[in-house]
Each structure stands twice: as structure tokens, then as C-alpha cells.
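Chemist: with the input below, show me the fold.
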Amino acid sequence: MEHNLQPGIASLEAAVVVLLFTAFLLYPLAAVLTSLRYKAWPLYRIFLWSFGIFTIAITFTGPLADFAQAHFVGHMWTHLLLGMLAPLLLLLAMPMTLLLRSLPVRVARNVSFILKSRPFMLLSNPAVALVLNTGGLYILYLSNLFGWMHQSLIVYAIVHLHVFLAGYLFTASIIYIDVTAHRLSYLFRSIVLILSLAAHKILSKIIYANPPANVPRAQAEAGGMVMYYGGDFIELAIIVILCYQWYKATTPRKTASIGEI
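Modeler: You can find the predicted model right below:
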């Protein structure tokens, strides 16, 4: 893949590292401070946060980032890490819950009010999140956008930011782990998740058969296979979490019915 990002890529990587390192430090600091006033924050959530931050970091800097700029297979692995694994890890760390319990009560109420506003309720709808997440990928790989992102540093940064935010938004709209604007039915979320999985598989086959612009066929075929199979474990984790939550939500009612009989 041809690209022209070298003049400014080092500056972007440095900025991302600074932001990630700041987030890496603030989370455990907030966890420790809030544990003095409330229930102790679980250590495993700090680990999940740290792992998620590390996952984002290796997609922007280091050997994998260099490989992704030169080879489509590397790009596809960064897509899976940035758009699927990192969002799941960070969501499981419950950053919004930690943020709300770190803020003064009045400020926390204002943040909660914003999260429950109509725009946020719309964005958190799984159907909308599906369009932003998977639809964005179709636009990326089936248009000239993929070529532009390797010619413009700004487009490169925006695409990566969108991949992460859309992935996080979609994951948060399917499994309710952290603070959420509203709760939709398990059936609806399951249907949207199935559609997402199908759309993801279809896109990988399209990439395999019709390589994006300036991507050699051999790389496109290998990258399509990475996209098809690489996210299976992450998708399975989301399915297991959703099914477990659904099971827990329905078990009490079933138990009560048995008791009444």
C-alpha cells in the first residue's frame, strides 16, 4: 500500500501516546480516591482499563502500527484491536461509572442529564450504532476513503478515531455494563448483534473478492480472512455476556413462577 504519512506521523503518534498515558494514570488515581469514600473499586477493572489503553497504543505506535501502514493485513489487525477488542476492554472497566462517582454531586447530575438527553439516547440505540460502526467500515473499504487515509494525516486520524468511537458505542449499546441512557430489550439487541455479525462477514468476503484501491490482491485476500476469522473470539465474548445478562434478567421471574405453582 502506498502512503504519504511520514512527515507528520511521528507527531500524531506522540500526541496519542501522551493522551493515552494521561488516561492510563487518571483511571487508577480516580479508583483509589473514590474508594476512600465509596465501595472499593475492583482491581480487575483497573487491569481491563490498562489492557485496553495498551491495545489502543500498539495500533498507533510500534511495530504493528508500522506494519499496518505498509501492509493490508497489518491494517486489518489494527482494525480488530482498535474497533473491537479495545472498546470491549474499556467498556468492561466501566469508565463512565468511575467518572460519575469521581465528580461532585451537582456536576455528576449534570453529566447524567446529558447522557439521558435525546441525542445521546439516539446514538446509544443499537440500530444507529450499527449504522455508524459497520456502515462506516463499508464506506471505508468500498470507496476511495481507504486510499485517502494513507495520503492525508488528518483523514488517517479521523478514520482511526471513528473506528474506535463507533466500536465503543456499538459495544456499549449491545451489552449494558456501564452507565447507559436507556435500556432496550434483549431480543432487539440480539437481532441487531446478529445483523452486525452478518454484515461484518459479508464485508470481509467483499474485500477478499474485490480488493480496496491500491491493495494487492494477495494482501486483500489475507486481510479479508483476518477480518472474517480474527474477531470471532471478541464477538463470542460479547454474545456470552449478552446471553448471561439475559439469563440473569429472566431467572428470577421463572423462579417466582415455579414457586407460585
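Chemist: tell me, how many residues neighbour residue 147?
Modeler: 17 (other CB atoms under 10 Å). C-beta here means a position set from N, CA and C on the backbone, and glycine is covered the same way.
Chemist: for stretch 232-249, what is the average pLDDT?
Modeler: Taken as a whole, stretch 232-249 carries a mean pLDDT of 93.
Chemist: distance from the chain centre to that stretch, please.
Modeler: Here the centre of stretch 232-249 is set off from its chain's centre by 16 Å, with CA atoms, centre = their mean, to the nearest Å.
Chemist: outside of it, which residues touch it?
Modeler: Defining contact as CB atoms under 8 Å, 6 or more residues apart in numbering, one finds that stretch 232-249 is touched by 80, 84-85, 88, 171, 174-177, 186, 189-190, 193, 197, 200.
Chemist: again with stretch 184-198
Modeler: Under the criterion CB under 8 Å, 6+ apart, residues 125-127, 130, 133-134, 170, 173-174, 235, 238-239, 242, 245-246, 249 lie in contact with stretch 184-198.
Chemist: show me which of those residues are buried.
Modeler: A residue is treated as buried here by neighbour count (16 or more other CB atoms under 10 Å); on that basis the buried members of those are 125, 126, 130, 133, 134, 170, 173, 174, 235, 238, 239, 242.
Chemist: next, give phi and psi for residue 151.
Modeler: In terms of degrees, to the nearest 10, the main-chain angles of residue 151 are phi -120, psi -20.
Chemist: tally of neighbours for it?
Modeler: Per other CB under 10 Å, the neighbour tally for residue 151 reads 14.
Chemist: the contacts of stretch 232-249: which two are farthest apart?
Modeler: Using CB to CB, those span at most 25.8 Å, a distance reached by 80 and 186.
Chemist: more crowded one of those two?
Modeler: residue 80 (20 against 17).
Chemist: return the residues in contact with the closest residue to that one other than its chain neighbours.
Modeler: Sequence neighbours aside, residue 230 is the residue nearest to residue 80 in space, at 4.8 Å (criterion: CB to CB, 6 or more residues apart in numbering). Taking CB under 8 Å, 6+ apart, we find residue 230 in contact with 76, 77, 80.
Chemist: elements contacting the helix or strand hosting the second one?
Modeler: Under the criterion DSSP states H and E, the helix or strand holding residue 77 is helix 72-80. Counting contacts by 3 or more CB pairs under 8 Å, 6 or more residues apart in numbering; DSSP states H and E, helix 72-80 is packed against helix 63-70, helix 217-230.
Chemist: residues in contact with it?
Modeler: Residues from elsewhere that reach helix 72-80, judged by CB under 8 Å, 6+ apart: 1, 59, 64-69, 137, 163, 211-212, 215-216, 219-220, 222-224, 226-227, 230-231, 234.
Chemist: quick check: next helix or strand after it?
Modeler: helix 86-92.
Chemist: residues of that next one that come out buried?
Modeler: For helix 86-92, the buried set under the neighbour-count rule, 16+ other CB under 10 Å, comprises 86, 87, 88, 89, 90, 91, 92.
Chemist: could you do stretch 13-25 as well?
Modeler: 16, 20, 23, 24.
Chemist: nearest to residue 107, of the residues you listed?
Modeler: Distance to residue 107 across the buried residues of stretch 13-25 (CB to CB) is lowest for residue 23, with 19.2 Å.
Chemist: distance of that closest one relative to residue 16?
Modeler: Here the distance between residue 23 and residue 16 works out to 11 Å (CB to CB, to the nearest Å).
Chemist: then residue 127?
Modeler: The gap separating residue 127 from residue 16 is 31 Å, by CB to CB.
Chemist: just residue 105 next, same as before
Modeler: For residue 105, the distance to residue 16 (CB to CB) stands at 33 Å.
Chemist: lowest confidence element among the helices and strands of this structure?
Modeler: helix 232-260 (a mean of 78; mean pLDDT, DSSP states H and E).
Chemist: so where's the stretch 1-150 of the chain uncertain?
Modeler: Counting by pLDDT under 70, the low-confidence segments of the stretch 1-150 of the chain come to 1-8.
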